[in-house]
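[1] Structure, please.
(2 chains)
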Amino acid sequence: MEKGTEKAWDVLKDLTDPELPFLTLDDLGVIREIKRNDKNHVVTIAPTYIGCPAISVIEEKIASELKKIGISAIIEKSFSPPWSSDWISENGRKKMEEFGISPPHPRKADTIGDSLLKDVKCPQCKSYRTEKVSEFGSTACKSLYRCLDCKEPFDHFKCV
Amino acid sequence: MKSNMADMVFEGLLRIADDNLILGHRTSEWCGHAPTLEEDLALPNIALDLIGHAQTLYCLACEINSRYKNEDQLAFLRLEHEYKNLLLVEQENGDFGNTVLRLFYFSTFMKYFWERVKIKCCFKKLKEFSEKAFLETSYHSKYASQWVVTLGDGTDESNLKMSNAIANLEPFLGELFNNDDFTEMCSQNDFLPEPTSIFDSWKNEVKAILQKGNLDFPDIILKKRGGRKGEHSEAFGYLLSDLQYMQRAYPNSSW
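    Predicted coordinates:
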């Protein structure tokens, strides 16, 4: 953390993701860096997906929250290294499961991966007898699964 | 950046961005019309990715050419001949099989394209972008390839429809791999890979998938072209009138 950015971090760490409102941007690892120049704070964020529609909302939220405490901010997007689901915190993974989304597995290869079938645990009944229904769920970052035991459908966060 | 370099980077970004925008728009036409609910989620998700790629690339282009003040101006306020996309991406969707086959062709091409940009590109911001874009286009290619196999290796009717889709898209594949003076200049300056350099990887993968689906690999010779020069097919005018409607009717409107 760069000196003099503590206040900004303090405010931003509690901001939540617009599409996963039970997770903070900090849980997701989306805020990468805050730097200061003469006039502004420069906040670097890593989008989970390039076309993620939540990004513009996140940018506005960051700017307006910082403005409230008198900090003017420039927000920059960074794609290198690309955002990885490995950056989601332990706490974030726990919260995901509590809210019915099966968290991603550790990343193994340079692909957007689906976990092996047997690896995906139903967030409801905790059974591993699950199957993939579709590569895409309600958002680009998730795929759709169903549980063969409790029959409930659920989202699985893709490993990126 | 020197001005002739800037012109090259601007034009190069525009070509890729236009391909992504136009295919993104075509793919978005499926929203609410896909054969199953899962596909109705998948196709708009992919459209969103493609349009997201276009948006980022247009933003980079605006940083280089001050004639355009934001990405919307590039996406919505140019005239037909100013768009540099391939004829392949502007053709009408046709049926679901035709749609996924075109997506498979294009995303497989882009996967190998970004893989090469990742290794070598003199424009740092595009090189960084390619890391993320490579992952996403690989995923699209995988998704589409599964449908190509499923439908090709399905019933007689689905196989026939896929064979028709192959014939239908065949005239537009040559342009995808067509080098011109511009692509040669991009390659000499280590900016973008030449389209022909992608052909072998693309062909191997596409051939294997088509074979799995009991489908024949098409002849790839240059038949129809013009998109890169701004000469488009009839379908493109109708597409643009839909795509540009809001900005033409309400200039500078924003969300």
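
[2] tell me the mean pLDDT for stretch B:168-176?
    Stretch B:168-176 carries an average pLDDT of 98.

[3] got it, and stretch B:185-202?
    97.

[4] Domain-wise, how is chain A divided?
    A:6-77, A:88-157 (automatic domain parsing).

[5] I'd like to know how many residues surround the closest residue to chain A within chain B.
    As assessed by Cβ to the nearest Cβ, chain A sits closest to residue B:52 within chain B, at 1.9 Å. All C-beta atoms are positioned from the backbone trio N, CA, C, and that covers glycine. By the criterion of other Cβ atoms under 10 Å in any protein chain shown, residue B:52 has 23 neighbours.

[6] Just the strands from chain A, written as ranges.
    For chain A, the strands defined by DSSP state E occupy A:31-36, A:41-45, A:73-77, A:101-102, A:130-134, A:142-147, A:153-157.

[7] meant to ask about the stretch 101-250 of chain B, not that
    Applying DSSP state E, counting those that start in this stretch to the stretch 101-250 of chain B gives no strands.

[8] Write out the residues of it neighbouring chain A.
    B:127-129, B:131-133, B:135-136, B:138-139, B:142-143, B:146 (Cβ under 8 Å from any Cβ of the partner chain).

[9] can you list the weak-confidence ranges in chain A?
    Residue ranges of chain A with pLDDT under 70: A:110-111, A:113-118.

[10] Of all residues in it, which one is nearest the centre?
    Central residue of chain A (Cα atoms, centre = their mean): residue A:28, 3.5 Å from the mean position.

[11] in terms of contact, does that one touch residue A:17 like I think?
    Yes. Counting by Cβ atoms under 8 Å, residue A:17 is a contact partner of residue A:28 at 5.9 Å.

[12] which residue packs closest to the residue in chain A that chain B sits nearest to, ignoring adjacent ones?
    Nearest residue of chain A to chain B: residue A:51, at 1.9 Å (Cβ to the nearest Cβ). Excluding the flanking residues, the one nearest residue A:51 by Cβ to Cβ, 6 or more residues apart in numbering or on different chains is residue B:52, at 1.9 Å.

[13] Report pLDDT for the one you found.
    For residue B:52, the model assigns a pLDDT of 97.

[14] Quick check: which element contains it?
    Per DSSP states H and E: residue B:52 is located in helix B:37-64.

[15] what's that helix packed up against?
    strand A:130-134, helix B:3-28, helix B:71-76, helix B:96-119, helix B:124-152 (3 or more Cβ pairs under 8 Å, 6 or more residues apart in numbering or on different chains; DSSP states H and E).

[16] Report how many residues lie close to the closest residue to residue A:13 other than its chain neighbours.
    Leaving out its chain neighbours, the residue that sits closest to residue A:13 by Cβ to Cβ, 6+ apart is residue A:26, at 4.5 Å. Counted with other Cβ under 10 Å, the neighbours of residue A:26 add up to 18.

[17] which one in chain B is furthest away from the centre?
    Largest centre distance within chain B, by Cα atoms, centre = their mean: residue B:156, 29.7 Å.

[18] Identify, by residue count, the longest helix of chain A.
    Taking DSSP state H as the criterion, chain A has its longest helix at helix A:54-68.

[19] angle of it against strand A:31-36?
    40 degrees (axes from the mean of the first three to the mean of the last three Cα atoms, to 10 degrees).

[20] in helix A:54-68, what's buried?
    A:54, A:55, A:58, A:59, A:61, A:62, A:63, A:65, A:66 (16 or more other Cβ atoms under 10 Å in any protein chain shown).

[21] quick one on the thing from earlier: quick one, which of the strands of chain A is packed in tightest?
    Among those, strand A:101-102 has the highest mean neighbour count (mean count of other Cβ atoms under 10 Å in any protein chain shown), at a mean of 23.

[22] Is any residue of that strand near chain B?
    No. Contact of strand A:101-102 with chain B (Cβ under 8 Å from any Cβ) is absent, the minimum separation being 15.3 Å.

[23] list the helices and strands that strand packs on?
    strand A:153-157.

[24] is the strand it packs on anywhere near chain B?
    No. Interface with chain B: strand A:153-157 contributes nothing (Cβ under 8 Å from any Cβ), its closest point being 10.4 Å away.

[25] counting contacts, what elements does that strand pack onto?
    Using 3+ Cβ pairs under 8 Å, 6+ apart, strand A:153-157 is in contact with strand A:101-102, strand A:130-134, strand A:142-147.

[26] Serialize those strands to TSV and add fields for distance to residue B:7.
    Formatted as TSV, the helices and strands packed on strand A:153-157 follow (distance: least, Cβ to Cβ, whole Å):
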stretch	distance to residue B:7
strand A:101-102	47
strand A:130-134	43
strand A:142-147	41
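
[27] Those: which one's closest to residue B:28?
    strand A:130-134 (17.8 Å; Cβ to Cβ).

[28] hmm, back to that, pipe the strands of chain A into JSON lines and attach distance to residue B:81 per row.
    Output for those, formatted as JSON lines (distance: least, Cβ to Cβ, whole Å):
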{"stretch": "strand A:31-36", "distance to residue B:81": "41"}
{"stretch": "strand A:41-45", "distance to residue B:81": "37"}
{"stretch": "strand A:73-77", "distance to residue B:81": "31"}
{"stretch": "strand A:101-102", "distance to residue B:81": "47"}
{"stretch": "strand A:130-134", "distance to residue B:81": "39"}
{"stretch": "strand A:142-147", "distance to residue B:81": "40"}
{"stretch": "strand A:153-157", "distance to residue B:81": "44"}
